[in-house]
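>>> structure for this input, please:
(chains A and B)
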There are 2 protein chains.
Amino acid sequence: MNYQAPLNDMQFVLLDVLGVGNLSQFDKYTDASPELIVTILDEMGKFSAEVLHPINKAGDQQGCQYDPETHVVTTPEGFKAAYKQFVEAGWTALDAPVEWGGQGLPHVLKFVVDEMVCSTNLSLGMYPGLTHGAISALHAHGADELKETYLAKLVSGEWSGTMCLTEPQCGTDLGLIRTRATPQDDGTYLIEGTKIWITGGEHDLADNIVHLVLAKLPGAPDTTKGISLFLVPKVLPDSGERNPVYCGGLEHKMGIKGSATCVMNFESARGWLVGEANDGMRAMFTMMNEARLMVGMQGLGIAEMAYQESLGFARERLQGRALTGAANPDGPADPIIVHPDVRRMLMRQKVLNEGMRALALFTGHQLDLSVAHPDATVREEADDLVQLLTPVVKAFLTDEGFNNANVGLQVLGGAGFTTDWPLEQLVRDCRIARIYEGTNGIQALDLVGRKLGMAGGRLVVRLFALLKAWAGAESAPYADQLTSSIQALEHATGWIAEQGIPDPDQAAAAASPYLRLVALVMLAYLWSRMAATAQEKLDRGEGNEAMLNGKLVSARYYFEKLLPEAEWLLRDITSGKESMMAMQEEYWAA
Amino acid sequence: MNYQAPLNDMQFVLLDVLGVGNLSQFDKYTDASPELIVTILDEMGKFSAEVLHPINKAGDQQGCQYDPETHVVTTPEGFKAAYKQFVEAGWTALDAPVEWGGQGLPHVLKFVVDEMVCSTNLSLGMYPGLTHGAISALHAHGADELKETYLAKLVSGEWSGTMCLTEPQCGTDLGLIRTRATPQDDGTYLIEGTKIWITGGEHDLADNIVHLVLAKLPGAPDTTKGISLFLVPKVLPDSGERNPVYCGGLEHKMGIKGSATCVMNFESARGWLVGEANDGMRAMFTMMNEARLMVGMQGLGIAEMAYQESLGFARERLQGRALTGAANPDGPADPIIVHPDVRRMLMRQKVLNEGMRALALFTGHQLDLSVAHPDATVREEADDLVQLLTPVVKAFLTDEGFNNANVGLQVLGGAGFTTDWPLEQLVRDCRIARIYEGTNGIQALDLVGRKLGMAGGRLVVRLFALLKAWAGAESAPYADQLTSSIQALEHATGWIAEQGIPDPDQAAAAASPYLRLVALVMLAYLWSRMAATAQEKLDRGEGNEAMLNGKLVSARYYFEKLLPEAEWLLRDITSGKESMMAMQEEYWAA
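Reported below is the predicted structural model:
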């Protein structure tokens, strides 16, 4: 079936629940009127359904091709034309800086656009996705000449960008990188080394590829404090000469086969330093943080597509009869959506997907407040929330995106396991999102090991204030359940602070269930807010009645069936590290 | 890495915990001495590692080939030779009836053998797996002439078998089948129709293929009470003529690509009735019930392989440092197994896999008691447990097999997503196990809708008696936690009985979490027993000390971190159907 962008839900969350329309009162976002927001959503809804979706399956089946003679990578049929349309429609410029040709719109719009792109063609979406990170890093840390040479072309999508971090011996632990940068007399550097898993390292979509490469200067310390960031173009813009950076092969992967995942050999390629020497990790995190949020949208995007496919199937597949009497007495059987267990699967998808969307857009909205609000205190508060929630969005949306894609596949039964239906591709495509840009375990360690302690614990204190202010309001739906989940989170946070400071293994042992607990409590907060807004609109006789009633049922499902997991997570966390750390090396496979 | 059969754990569960060695005191199993059991485990451990495992990856990459001109299906390279060795070593005959050339050994041994086969080559294991079901159905329901013609050849593996149930318009709801059987004057039938998703419907491993086909006789009612079972050989044994049953194509699947999943066209093929007319569902369930148990072993087998791969990786991959100080100070980094979050993933795999193995072998042992014990009361009790636990073994072991395969992939990070490592294949291969032989949702409905009410509720009452007898013993480890999980299960069972009899939708809404709750309580019971046995053996200074100590740590992990899910499931169950059933048709995609 074709994709139907969930525009009603997106608008409901953005405009009715979060009040994103108010961003237009800030100088930075004067253009971002509610009308413009609606228009943008509509346009990407159409574009993704009409241009991106139709070539997604062939992209999986053909994959990318590599020619070892010429080092050329060819993307699947239709990708080049679709990318051209994507660029020409201005989608690469949406939230990019105005001074380099961007539209300068709120970042939260990029979040919804990313969701639609990832629902319909995750592989194709990877190419502009990486470019976006390169733009941000260059804009924040690059020297003026670099910006002038590269930014406009990246913003327009004529050129694309990459992040070159991983090497065979290091993924998570970047202190181990071996790529070297040798300074030249003209102020440039020669870059030598091999990078792996480079998304869009080579392809045929854009005229030039701008690599942002982590490398070590001579004499730099062998830790992450000895890493610098360099810009290495495929083609040197001044001379038009080919820079000696070549694709050495493609990874063969479980999914996202239309996305070229390259081994990249830098054979004394010319590079330019971005930011300060030995300060590459800071620029890397500029890319990484926004990439993490985007990867979260990948999980959600795939889960939304899986929901739509499985809902369509459940409505049409005739099999068995409702237990309470035939629902389709004139047909040979009832559609399987009559069965409670099928509805359980559909509800799980719907309720978690909508909750995840609300969480992502809440975070995107805070990101915009953190850069656009006139009040420095508000900006700081918003930034605190973004920092705290970035690993949560990345990990929870990709874990549950994958789980929900699998639930969607399950609704289809045997059909879902065949390539005649798109579910199996969705499952394979989104599996990587739990891994790249930092595995979800690393996200949990970032949350517990860095974000909880930052600024004396201010980030999480602000989150509690926000949650309690809402839960304490008279009108908050499901206030009791929400309050007790907040208490569980406070309890867990206190336990980690108390145990984890003297013994960091205790904090690390608790990290994954703690991240999940934060996500569940955030979804409880947002489901309470969505239920409140839905009820208000129903009371006023406004809006789409079916959608609003669906919100009320969904909120109930969330509080009755999903939120109680929080108690389990708390018990897991507070039972501590012992049952993991007591395993001696010789016990594992005895 | 190569596969190392978990022989120590298998022996511990079979001989030390369950006392399967005692089966040799029964007439039916006099040969099944502990020594013979150990020998059989050793042999399959070697066979699976040396013969089945090496061809598993090529099987995935090549898949099966279909020639539309000749209708011939060719299996991947090496499959034919490996199948020949499998047959010649007598593995198809292990627990088959002695009168037809079988070895007549306990069924529980078949369970462990199946696990090893599925760990190393699920696709290849499918062919003899289906034959086994055909043997059982024919042995239980076939007329003597049919048995004489077919059984010895099936038991020896010279011929293979299939189950032909599904048609395009019906999978779960077999009342909708359209395949017709027309009686002939000679007492045979002509079978006409199309069956889909027929495992091993056509292949090049065996000389003949014996299809067991559900079809309708003229005038039969349009429900499952109008279905009969027919035997339709590919080659007619008397004349050597080709019977007109042809493969019309292969399914293109996410995984198990070495297993031929065929569309089968019966073009007036000659068939023989198996059992009584219109009583085909009973014979079908003979096949189905044992197939369900075997599919459970598929989930476990894959999960075990994933555990071994990810454990090996975690011990070798150097990345980062232990938070409490370098564990490998002379190396560039520590192996990732030092990190609590990595250990969490490994522990989850180990503890659930061992718990699932214990649950499956407990059920297999009861199956043997139900056929071999001299006391009719014991036989009935054992049969009650098998019936109750069959859907639990099928669904829980395949759900958690898949989840654990994914956990294993996650330990590898990006490497796990590439085809250079076996994890992504394991994930794809085992995904189907949650679907075929009745989706896991259907298993839950079987448990709640059929098994709970059977014989006036006797089955679950017997289970409670068994659980409480153990939990009430002075020496039961974790008795308090076990007891409270049993109470949660009793509470849930009472709720379903009370709500589900007047309103079957309430029972159906509770089915999936209820099945999972049964599984968690069974694992609690078995982890308590395993801990008790391990401690006894340690106290006596017997056995493999590392393994026994590992059991004690694992039991602690289970009770501290996994069993508390039971409380969540109870809340889900008792919150009822409303939040699912209140969704009106127009709410779903509003």
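
>>> okay, CA-based contacts and neighbour counts for the rest of this
OK.

>>> what's the burial count for the residue nearest to A:H373 when sequence neighbours are not counted?
Nearest residue to A:H373, sequence neighbours excluded (C-alpha to C-alpha, 6 or more residues apart in numbering or on different chains): A:R379, at 5.9 Å. Around A:R379 there are 18 other residues, counting by other C-alpha atoms under 10 Å in any protein chain shown.

>>> cool, and A:E267?
15.

>>> hey, where'd the helices end up in the stretch 351-500 of chain A?
Counting by DSSP state H, counting those that start in this stretch, the stretch 351-500 of chain A has helices at residues A:376-412, A:414-417, A:423-431, A:440-445, A:458-471, A:479-500.

>>> of the ones you listed, flag the one that's most buried.
Among these, helix A:423-431 has the highest mean neighbour count (mean count of other C-alpha atoms under 10 Å in any protein chain shown), at a mean of 27.

>>> helix A:376-412 and that one, what's the angle between them?
Angle between the axes of helix A:423-431 and helix A:376-412 is 150 degrees (criterion: axes from the mean of the first three to the mean of the last three C-alpha atoms, to 10 degrees).

>>> what packs against helix A:423-431?
Here helix A:423-431 touches helix A:280-316, helix A:376-412, helix A:414-417, going by 3 or more C-alpha pairs under 8 Å, 6 or more residues apart in numbering or on different chains; DSSP states H and E.

>>> rerun that using 6 Å as the cut-off
Packing partners of helix A:423-431 (3 or more C-alpha pairs under 6 Å, 6 or more residues apart in numbering or on different chains; DSSP states H and E): none among the helices and strands.

>>> give me the residues contacting it.
A:254-256, A:405, A:409, A:416-417 (C-alpha atoms under 6 Å, 6 or more residues apart in numbering or on different chains).

>>> tell me which of those residues is nearest to A:H107?
Among the contacts of helix A:423-431, A:I256 lies closest to A:H107 (C-alpha to C-alpha), at 25.0 Å.

>>> show me the contacts for the closest one.
Counting by C-alpha under 6 Å, 6+ apart, A:I256 touches A:123, A:429.

>>> circling back: ok, the residue nearest to A:H373 to A:D95 distance?
Distance of A:R379 to A:D95, given as C-alpha to C-alpha, to the nearest Å: 18 Å.

>>> which parts of the longest strand seen in chain A are buried?
Taking DSSP state E as the criterion, chain A has its longest strand at strand A:261-274. For strand A:261-274, a neighbour-count test (16 or more other C-alpha atoms under 10 Å in any protein chain shown) marks A:261-266, A:268-274 as buried.

>>> export the residues you listed to JSON lines and tack on distance to A:N121?
Listed next are these as JSON lines, based on distance: C-alpha to C-alpha, whole Å:
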{"residue": "A:T261", "distance to A:N121": "16"}
{"residue": "A:C262", "distance to A:N121": "19"}
{"residue": "A:V263", "distance to A:N121": "23"}
{"residue": "A:M264", "distance to A:N121": "24"}
{"residue": "A:N265", "distance to A:N121": "28"}
{"residue": "A:F266", "distance to A:N121": "30"}
{"residue": "A:S268", "distance to A:N121": "35"}
{"residue": "A:A269", "distance to A:N121": "32"}
{"residue": "A:R270", "distance to A:N121": "34"}
{"residue": "A:G271", "distance to A:N121": "32"}
{"residue": "A:W272", "distance to A:N121": "33"}
{"residue": "A:L273", "distance to A:N121": "34"}
{"residue": "A:V274", "distance to A:N121": "32"}
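
>>> got the residues you listed as CSV, with distance to B:Q65 and pLDDT columns?
Formatted as CSV, those follow (distance: C-alpha to C-alpha, whole Å; pLDDT from 0 to 100):
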residue, distance to B:Q65, pLDDT
A:T261, 29, 98
A:C262, 31, 98
A:V263, 32, 98
A:M264, 36, 98
A:N265, 38, 98
A:F266, 42, 98
A:S268, 47, 98
A:A269, 46, 98
A:R270, 49, 98
A:G271, 50, 98
A:W272, 52, 98
A:L273, 53, 98
A:V274, 53, 97
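
>>> just these now: which is nearest chain B?
Using C-alpha to the nearest C-alpha, A:T261 comes nearest to chain B of these, at 10.4 Å.

>>> wouldn't that closest one be in contact with A:E202 here?
No: the criterion here is C-alpha atoms under 6 Å, and A:T261 misses it with A:E202 at 8.4 Å.

>>> nearest spatial neighbour of the residue in the stretch 401-550 of chain A that chain B sits nearest to, skipping sequence neighbours?
Nearest to chain B, among the residues of the stretch 401-550 of chain A, is A:T418, at 4.3 Å (C-alpha to the nearest C-alpha). Nearest residue to A:T418 in three dimensions, chain neighbours excluded: B:K253, at 4.3 Å (C-alpha to C-alpha, 6+ apart).

>>> number of residues surrounding the one you found?
22.

>>> I'd say it and A:W421 touch.
No: look at B:K253 against A:W421 with C-alpha under 6 Å: they stay out of range, at 9.9 Å.

>>> any idea how far A:D42 is from A:L174?
Counting by C-alpha to C-alpha - A:D42 and A:L174 are separated by 41 Å.

>>> meant to ask about A:H373
Per C-alpha to C-alpha, A:H373 is found 35 Å from A:L174.

>>> for those two, indicate the residue with more neighbours.
Per other C-alpha under 10 Å, whichever of A:H373 and A:L174 has more neighbours is A:L174, with 23 against 20.

>>> what sits closest to that one if chain neighbours are left out?
Using C-alpha to C-alpha, 6+ apart, the closest residue to A:L174 is A:T224 (6.1 Å).

>>> am I right that the one you found is in contact with A:I177?
No: because the distance of 8.8 Å does not satisfy C-alpha under 6 Å, A:T224 is recorded as not touching A:I177.

>>> pLDDT of stretch A:381-388, averaged?
Across stretch A:381-388, the average pLDDT comes to 98.

>>> contacting residues for the residue in the stretch 101-250 of chain A that chain B sits nearest to?
Proximity of the stretch 101-250 of chain A to chain B (C-alpha to the nearest C-alpha) peaks at A:D173, 5.4 Å away. Counting by C-alpha under 6 Å, 6+ apart, A:D173 touches B:319-320.
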